[in-house]
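Peer 1: task: produce atomic coordinates for the following.
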Amino acid sequence: MNLYGKIFCTFAKIGLFTIGGGYAMLPLVQKEVVDRKKWLSSEEFIDLLALSQSIPGIMAINISIAAGYKLKKNKGSIVATLGTILPSFVIILAIAMFFRSFQENPYINKMFMAIRPAVVALVAVPVFTTAKEIGITVKTAIIPLASAFLIWYWGVSPIYIVLIAAVGGIIYGKLKKSR
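Peer 2: Numbering: from 1, shown residues only. Below you'll find the predicted structure:
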């Protein structure tokens, strides 16, 4: 199988077995793309993760585009993106076609209730793994915790948080560089 086929199959597997969205997808992306295939280093993955979170769009698609681009430029981006979205698209289409027939099924409802805690764990794992890899300490955790609190409790728009963080990062970088 050529590299395009490998890219598509890898991202299709990621798209097929990820329940819970972009953050839940991260451990699988890291395991496949960084650990198994060695297409990206851990540092590159963390950089792509930061980039994927900071630009508009779906994080899972953004990371697929970036990883595919690194491997095979524009065509690699397209192949990785198709691999990521195609399984979800087919599953959602099938669910939409048959939704009425199992909408009130108690077994289906119980299955979805059972999946919820697993999704929380799938989202929590990349948060802690990434925090460990980039060296977040109790001291540096104050900023994201304060940001979350501002958004949750006072309803501050995440846009303002991102803008303040960007300005703060630029100032911090300049001060660090001048020392």
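Peer 1: got the domain ranges for this protein?
Peer 2: 3-134, 137-179 (automatic domain parsing).
Peer 1: just name the most buried of those domains.
Peer 2: The highest average neighbour count among those, using mean count of other C-beta atoms under 10 Å, belongs to domain 3-134 at a mean of 16. The C-beta positions use only the backbone N, C-alpha and C, and glycine is treated the same way.
Peer 1: show the average pLDDT along that one.
Peer 2: Averaging pLDDT along domain 3-134 yields 86.
Peer 1: tell me the helices and strands packed up against the lengthiest helix in the chain.
Peer 2: Longest helix in the chain by number of residues (criterion: DSSP state H): helix 59-102. The contact analysis (3 or more C-beta pairs under 8 Å, 6 or more residues apart in numbering; DSSP states H and E) places helix 59-102 against helix 3-16, helix 22-29, helix 42-54.
Peer 1: compute the inter-axis angle for the last one and helix 59-102.
Peer 2: With axes from the mean of the first three to the mean of the last three C-alpha atoms, to 10 degrees as the basis, helix 42-54 and helix 59-102 are set at 60 degrees to each other.
Peer 1: just the CA coordinates for helix 42-54, please, in PDB.
Peer 2: Taking Å, rounded to 0.1, in the frame of the first residue of the first chain, the C-alpha atoms of helix 42-54 are listed here in PDB:
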ATOM      1  CA  SER A  42       6.100  14.200  20.100                       C
ATOM      2  CA  GLU A  43       7.100  17.800  19.900                       C
ATOM      3  CA  GLU A  44       5.600  18.200  16.400                       C
ATOM      4  CA  PHE A  45       2.400  16.600  17.700                       C
ATOM      5  CA  ILE A  46       2.100  19.000  20.600                       C
ATOM      6  CA  ASP A  47       2.800  21.900  18.200                       C
ATOM      7  CA  LEU A  48       0.100  20.600  15.800                       C
ATOM      8  CA  LEU A  49      -2.300  20.200  18.700                       C
ATOM      9  CA  ALA A  50      -1.700  23.800  19.800                       C
ATOM     10  CA  LEU A  51      -2.200  25.000  16.200                       C
ATOM     11  CA  SER A  52      -5.300  22.900  15.700                       C
ATOM     12  CA  GLN A  53      -6.900  24.400  18.900                       C
ATOM     13  CA  SER A  54      -6.100  27.900  18.000                       C
END
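Peer 1: contact partners of it?
Peer 2: 22, 26, 29-30, 33-34, 40, 59, 62-63, 66-67, 70, 130, 133-134, 162 (C-beta atoms under 8 Å, 6 or more residues apart in numbering).
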